[in-house]
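Chemist: Quick one, fold the following:
(one chain, ligands or ions: 1)
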Amino acid sequence: MAPKAVPTSEHIVSTVCPLDCPDACTLDVTVQEGKVTVLDGSTANPVTGGYICAKVRRFPERMYGPDRVLHPAVRKGPKGSGWFERVSWDAALDRITERLRAVKDEFGGEAILPYSYGGSNGLLTQDTSDATLFRRLGASRLARTVCAAATGAANQALYGKMPSVVYQDFPEARLIILWGVNPSASGIHLIPYLREAQKRGAKLVVVDPRTTPLAKLADLHLTVKPGTDLPVALSIHRYLFEHGHADQAFLAAHTRNADRLRERASKWTFDCAAAEAGVAAADLERLAEWYAATSPAVVKCGWGQERNRNGGCSSMAILALPAVAGKFGVRGGGYTMSNTPAFGIERTWIREQEPATRLVNMNQLGRALTEYNDPPVKALFVYNSNAAVTSPHQTKVLQGLEREDLFTVVFDSTLTDTARYADVLLPSTTFLEGYDLVRAYGPIGLQLGKPVVEPVGESRPNADVFGELVQRLELGADGDPSGELEEMLDVLAQLPEPAGTQVRDFGTATPPWEGRPIQFVDVFPRTPDQKVDLCPEALEAAAPAGLYGYQPDPATAEFPLTLISPASERSITSTLAELPRPEVKLLMHPGDAAARGLADGDAVRVFNALGEVRCNLQVGTWIRPGIVSLPKGLWRKHTANGLTATALAPDTLTDLGGGACFNDARVQVGAAPTLQ
Ligand code: SF4
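Modeler: I've put the predicted structure just below:
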């Protein structure tokens, strides 16, 4: 690839943050002598408003830190040791080509498993030449379900992923329900709009088992037990239907199967739901009354409530609330989920039809690596992901990664816990060293990200490397783009208009509906008949307990506590978590600690039948009794025994969408030997 011309004096370059966060901030990046020194928010996008999160401010530490992968390397030491020998790009790609070819010849293409997620969430760094490569190889397909699978299935089934209420319209609402979402950690640019809404008199309701910063400011905080959001939402539906607050005119005109939803909700009295959720029935009634009586009212449905066995049906019930109560049709009224589909972009640039090869759910990577035989997974290609710490049933994942007969390639900018298991390690550029196309999913936005500095070390962009592998494996076809720039031009050329022309000309697309659609005025369900199907037949059979069927808590006498692992202010899943941080602690309610003879600062073991994590304890009332918490995205170095919360998470799947059930981890906590 030809080097890009970058001036050496200090200057500021504008770009966009593509990391897996709803906000997609516009950035001003200060570059000095060819190195990034400062990242800050720009005002190019008014929602960014000139500030960014503390996580991404630290990005230069990642770019130039000790864990940066600077050149291709091959394994020297035992798997997991992180001991590598530097090789040339040619040698590394030769070895990959030779091994992928050999695996395909001996075991078939399905013995190759690509594994990736939103390490960089742009349109260019995934599902471009990588997809071409793996489809033409006939590799196993990956169901990318670690996040947003259950909510995505619910939103698709009900509304066809209709664009939703954007941050800028929250001040118009008079009632805001934050359900399973903590914008103080993820999506911080919503907070000024929430404050403005409260200033104008809006009530704020937070549904979260933790006392988050916004929960402290809420008019009502429902500390529901994880996994019980479904009965809570259904009890509100029951109230709406039985007390004359269901909007019958809206239901008749815009929905189907309201009667079925009413019937499913009928058994969930406030008392029943409250008993299941561990909250006061009077609080549920208060929320239902407020919701029935207030307009505009918006429900922001997050991702916390989906990470359990009932995640799909919970999300369905929450997202169905505005349809039953008739909350659409006004600015600031309706629901908020991901706005990624707002531009109507389809990945038409992938140059190969998806083959009907084996589909591997990414939440069951451990099983795939240790149990699959038809054929076994013999080659694993990891990029944009850190599966060793993000995938459920961590011990099984690590057991798989340790297999001597598994050929593992990791293509990453950072020596992650997964990269330590690589047979061949390839250095990738970060988003500040390459192009990307970035969609916001809180606000509505589509922007071009561009390189602000030369690639660090010998790193190369995804599109370049996957494109070269296509050629080396003799899988090329006429018209394939050659390298990142051509790939980007190809993607740009296939964006829907006018967005494509706008991004080509100005680097950013003007959001449709001036970026502020009103649901059922400007936008309608993208279902075939534009109606909301409140009880879709197709999902009825898919949900293990039927649609809106509740699966009880999996706690046992042996493992009575629920372990949650929510997003934190320190990392975007595991990205940036490698940077120095205060000691990681298990959070526990004082009552639970006292019952176990534990005190603040004690060394503890948190364990279940799947594994054990050792760390110190922090005791406080910001978490409800019966729940303990470790941060999401920890690296192995953060705990005393090298295992993280995913070691305790089952690899079972959500009722809809095949999502991860991290919050179904049931554990016990006891004293452990003092940490060194
Ligand atoms: S992670 Fe989110 S808040 Fe932070 S810079 Fe990126 S888009 Fe902005």
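
Chemist: in this protein, what secondary structure element scores lowest on mean pLDDT?
Modeler: Using mean pLDDT, DSSP states H and E, helix 537-540 stands out as the lowest-scoring helix or strand of the chain, at a mean of 89.

Chemist: What parts of the stretch 151-300 of the chain come near the ligand?
Modeler: Ile188 (Cβ under 6 Å from any ligand atom). The C-beta positions use only the backbone N, C-alpha and C, and glycine is treated the same way.

Chemist: same question but for the chain, I mixed them up
Modeler: Cys17, Leu19, Cys21, Asp23, Ala24, Cys25, Ile52, Cys53, Lys55, Val56, Ile188, Ile572.

Chemist: Would you check which pair of those residues lies furthest apart?
Modeler: Ala24 and Lys55 (14.2 Å; Cβ to Cβ).

Chemist: quick one, which of those two is more surrounded?
Modeler: Shown here are Ala24 and Lys55; by other Cβ atoms under 10 Å, Ala24 has more neighbours (28 against 23).

Chemist: Which of the residues of the chain next to the ligand fall within strands?
Modeler: Nothing among those maps onto strands, per DSSP state E.

Chemist: Identify each buried residue in the longest strand that the chain contains, please.
Modeler: Longest strand in the chain, counting residues (DSSP E): strand 611-619. Across strand 611-619, burial judged by 16 or more other Cβ atoms under 10 Å covers Gly611, Glu612, Val613, Arg614, Cys615, Asn616, Leu617, Gln618, Val619.

Chemist: In terms of secondary structure, what does it contact?
Modeler: Contact analysis of strand 611-619 by 3 or more Cβ pairs under 8 Å, 6 or more residues apart in numbering; DSSP states H and E lists strand 585-588, helix 590-595, strand 603-608 as its packing neighbours.

Chemist: Mind checking the pLDDT average for the shortest one?
Modeler: Spelled out, it's strand 585-588. Taken as a whole, strand 585-588 has a mean pLDDT of 98.

Chemist: In CSV, could you pull the C-alpha coordinates for that strand?
Modeler: What follows is strand 585-588, C-alpha atoms only, in CSV (Å, rounded to 0.1, in the frame of the first residue of the first chain):
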residue,chain,number,x,y,z
LYS,A,585,-13.6,-5.7,42.8
LEU,A,586,-16.7,-7.8,43.1
LEU,A,587,-19.6,-5.6,44.3
MET,A,588,-22.0,-7.0,46.9
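
Chemist: Run through the neighbouring helices and strands of it.
Modeler: Using 3+ Cβ pairs under 8 Å, 6+ apart: strand 585-588 touches strand 611-619, strand 627-629.

Chemist: One more: the last one?
Modeler: Counting contacts by 3+ Cβ pairs under 8 Å, 6+ apart, strand 603-608 packs against strand 611-619, strand 665-671.

Chemist: show me where the stretch 151-300 of the chain has strands.
Modeler: Counting by DSSP state E, counting those that start in this stretch, the segments of the stretch 151-300 of the chain that form strands are 175-179, 203-207, 220-222, 255-256, 297-301.

Chemist: Mean pLDDT and distance to Phe466 for those strands - can I get that in a markdown table?
Modeler: Output for the strands of the stretch 151-300 of the chain, formatted as a markdown table (pLDDT from 0 to 100; distance: least, Cβ to Cβ, whole Å):
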| stretch | mean pLDDT | distance to Phe466 |
| --- | --- | --- |
| strand 175-179 | 98 | 38 |
| strand 203-207 | 98 | 41 |
| strand 220-222 | 98 | 46 |
| strand 255-256 | 97 | 43 |
| strand 297-301 | 98 | 34 |
